[in-house]
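1. Below are the sequence and a predicted model; questions follow.
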Amino acid sequence: MGAQLRVYKRRIRSVTATKKITKAMEMIAASRIVKAQRQVAASTPYASELTRAVTAVATGSKTKHALTTEVANPVRAAVLLITSDRGLAGGYSSNAIKAADKLTERLRSEGKEVMTYIIGRKGVSYYEFRERAVAQSWTGFTDSPTYADAKMVAAPLIEAVQQDTAEGGVDELHIVFTEFVSMMTQRPGDDRPVSYTH
């Protein structure tokens, strides 16, 4: 009877310790979400205005450029998957990965070759574990990305878009991300396909 009582006491201590750790992790995650919400709120006006300006230039321009002209029959597509570097983000990364898998499957069913680019350790680990080919990946800055990080990611993608498909370039660029709606809802999605002329 005494031995069984000791087992129960040990189990109670273990569960109590786990409860404390879980509570601490919840508090850390909540503080990160609040910080991320502030950053998104601060950058939203800039992002909206930038999108509006780029759209106006792209639709109003008569100049033929690889970034503003569609390809008639695209054969190769690039998919940029954006995930996090760390956990404690709920379904943020896993939802984006699932959306990227569906998109890749759809593109391949359309007869297109897919080149995958990944931001974040979660996405990189997922692809490495499954031994899937990745054109390029970046990690270590998803908590607080900077302009320099964005420029570093954009450079090879712009180069691929401007390059002819016969030389390894792409005709389309898709970006898969998770849109934060609320604490309970993060909606995965991908942008509309953007096709380019070389």
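-> Structure's in. What do you need?
2. And the next helix or strand past the helix or strand hosting residue 128?
-> When elements are assigned from DSSP states H and E, residue 128 belongs to helix 121-129. Proceeding C-terminally, helix 121-129 gives way to strand 136-138 as the next helix or strand, assigned by DSSP H and E.
3. Check the offset of that following strand from the chain's centre.
-> Taking Cα atoms, centre = their mean, to the nearest Å, the mean C-alpha location of strand 136-138 is offset from the chain mean by 12 Å.
4. Buried residues of it, list them for me.
-> Neighbour counts over strand 136-138 (16 or more other Cβ atoms under 10 Å) mark 137-138 as buried. Using the backbone N, CA and C atoms, a C-beta is placed for each residue, glycine as well.
5. so what strands line up beside that strand?
-> In the sheet containing strand 136-138, its partner strands are strand 113-119 (parallel), by DSSP bridges.
6. how much does the partner strand deviate in direction from helix 121-129?
-> For strand 113-119 and helix 121-129, the angle between their directions (axes from the mean of the first three to the mean of the last three Cα atoms, to 10 degrees) works out to 140 degrees.
7. can you pull the buried residues of strand 113-119?
-> Applying a neighbour-count criterion of 16+ other Cβ under 10 Å, the buried positions in strand 113-119 are 114-119.
8. before we move on, back to that, what's the spacing between the helix holding residue 128 and its chain's center?
-> The offset between the C-alpha centroid of helix 121-129 and the centroid of the whole chain comes to 12 Å, using Cα atoms, centre = their mean.
9. Fine, thanks again, bye for now.
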